[in-house]
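Colleague: Pasted the sequence and its predicted model underneath.
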Amino acid sequence: MPKRPNISAVINVRNEAENLNKCLRSIRDFADEIIVVDMHSTDNSVAIAQKYNAKIYSYRPMKYVEPARNYALSRATGRWIILLDPDEYLNKTLKRELKKITERTDVDYVHIPRKNIILGKWFRHSNWWPDYVLRFFKRGHVDWKKEIHSQPVAKGNNLNLLDSEKLALRHNNYTSLSQFVHRALRYSSVQADELHKNKYQLKTSDFILKPIQEFNSRFFAAQGYKDGIHGLAFSVLQAFAIALIYIRLWEIEGAEEKNISKESFVSASQEATYEYSYWFTKYFRQEYKSSFLKVFLIKIRLFFDRLTKNF
């Protein structure tokens, strides 16, 4: 009777040949079994998987990966599973630590810190670190929901690895601005469809406040300004991605022309002013104690005051 694999690596892939090669190379001395579920790739992803003796399965193309994950997990036979995206890689220290964990009886699943590399820079702030992800677990202890960007459902005992770079899963997240925009367009369509399906009531303020709140949460609350111009640029881009969701929802609902009432605009503007006042006071000014920032905050308040008075 063949020996049951101790660790299975599971990867869903669609046109990821370049990333897949590096990903598989990082786990060939770690996983006893490699499962690659290909979603009709038109590049040589399948050929690369074959080079690493992976077990290859086919799944219909999807706009996002979550619906295909449970199918991929069902193909694995190992006691433990490491679930990876093609642009994620394991280093030697992390592999040693995970192998030690397989010998323990008090752990059923593990949250691993993830080191996000964006345009060549490791983001240490902006809600990108430590970015814990559930990617190592005993077979049968984790199940994925089908919604986009959903979190898995796990049962049993959890272990969080130390938020150390040496124990982090490396993620080559966005390598170009065009890649970000392409994904934002694809994901916003799916997320808008989900909001429509769940009968979300679109409000005028969503177009203003949702993007502002996203920017503030990353740039101020998560100290994205410490990531320099990268942090500023991607906080703006994340706000853009959020705005796209609600614009697409408006489009789905017929792109109906509506007048913006003074009351709704004033309300949204006042809340936006409060948002910036709060984050500047609590984080930015405390960090730098800059008189320039104090002047800048006053100018933002005056800007919104003028808008609301002249509307």
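Modeller: Done, it's in. Here the structure is a predicted model, which means the values were calculated and not measured.

Colleague: Tell me how this structure divides into domains.
Modeller: 7-173, 176-310 (automatic domain parsing).

Colleague: Dump those into JSON lines; add mean neighbour count and mean pLDDT as well.
Modeller: To be clear about C-beta, it is placed using only N, CA and C from the backbone, and glycine gets the same treatment. Formatted as JSON lines, the domains of the chain follow (neighbours: other CB atoms under 10 Å; pLDDT from 0 to 100):
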{"stretch": "domain 7-173", "mean neighbour count": "18", "mean pLDDT": "94"}
{"stretch": "domain 176-310", "mean neighbour count": "15", "mean pLDDT": "81"}
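
Colleague: The most centrally placed residue in the chain and Y64: what is the separation?
Modeller: The chain has H149 as the residue nearest its centroid, 6.9 Å off, counting by CA atoms, centre = their mean. In this view, H149 and Y64 are 8 Å apart by CB to CB, to the nearest Å.

Colleague: got it, and V110?
Modeller: Taking CB to CB, one finds V110 at 24 Å from Y64.

Colleague: how far out from the middle of the chain is the helix or strand containing A192?
Modeller: Using DSSP states H and E, A192 sits within helix 177-197. Counting by CA atoms, centre = their mean, to the nearest Å, helix 177-197 is centred 12 Å from the centre of its parent chain.

Colleague: List of residues touching that helix?
Modeller: Applying CB atoms under 8 Å, 6 or more residues apart in numbering, the contact partners of helix 177-197 are 63-64, 119, 147-149, 174, 202, 234, 237, 240-241, 244-249, 251-253.

Colleague: mind listing the helices in this protein by residue range?
Modeller: Read by DSSP state H, the chain holds these helices, from start to end of the chain: 17-27, 45-51, 66-75, 92-101, 177-197, 206-216, 228-252, 262-279, 285-288, 291-310.

Colleague: For H125, find the nearest of these.
Modeller: helix 228-252 (6.2 Å; CB to CB).

Colleague: which residues touch that closest one?
Modeller: The contact list for helix 228-252, computed with CB under 8 Å, 6+ apart, reads 118-119, 121, 123, 125-126, 174, 177, 180, 184-185, 187-189, 191-193, 195-196, 200, 202, 206-207, 210-212, 214-215, 218-219, 224-225, 227, 256.

Colleague: Sweet, I'm off.
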